[in-house]
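**Q** coords please:
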Amino acid sequence: MAAQYAISGTTAKGIASSVEQVVAEGGLGPGEALPPVRRLADELGVGAGTVATAYKELRQRGIVVTRGRGGTVVAQAPAVGARRPPR
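**A** Prediction:
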C-alpha cells in the first residue's frame, strides 16, 4: 500500500512529511485510510514505533484522524498548507 501512495521515509519526520505530500497532491483524499502502522513499518523497513510517531504528528497537525479499530484516515478538511511542514 505504501508504494501505491508513494509513502516513503525512514524517520518519523520523513514519513509524516511524505504522507502530508501525498495528501496535498490528492493521492489520498478526505476519509481515505492510511496503511496500518505495522504494515507500513514492514514495507518501509522501520520499526512500528517510528510509523506510530509519524501518525501521531499528523494527528496533532490535523491532517489525519484516528478511528480506533477503524484505523487512521485523512481528516475531512486536512490542514495541509495551513501549517509549516515538518523540519
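**Q** pLDDT below threshold where in the chain?
**A** Along the chain, segments meeting pLDDT under 70 span 1-5, 78-87.
**Q** Let me see the ranges of the helices in it.
**A** Under the criterion DSSP state H, the chain contains helices at 2-5, 12-24, 37-44, 48-60.
**Q** Highest mean neighbour count out of the ones you listed?
**A** Neighbour counts (mean count of other CB atoms under 10 Å) averaged over each of those peak at helix 12-24, with a mean of 21. No exception for glycine: its C-beta is placed from N, CA and C like everyone else's.
**Q** Name the residue closest to the centre of the protein, please.
**A** V19 (4.2 Å; CA atoms, centre = their mean).
**Q** Test my guess that that residue contacts L58.
**A** Yes. Using CB atoms under 8 Å, V19 is in contact with L58, at 5.9 Å.
**Q** Check the gap between the residue nearest to the centre of the chain and K13 for me.
**A** 11 Å (CB to CB, to the nearest Å).
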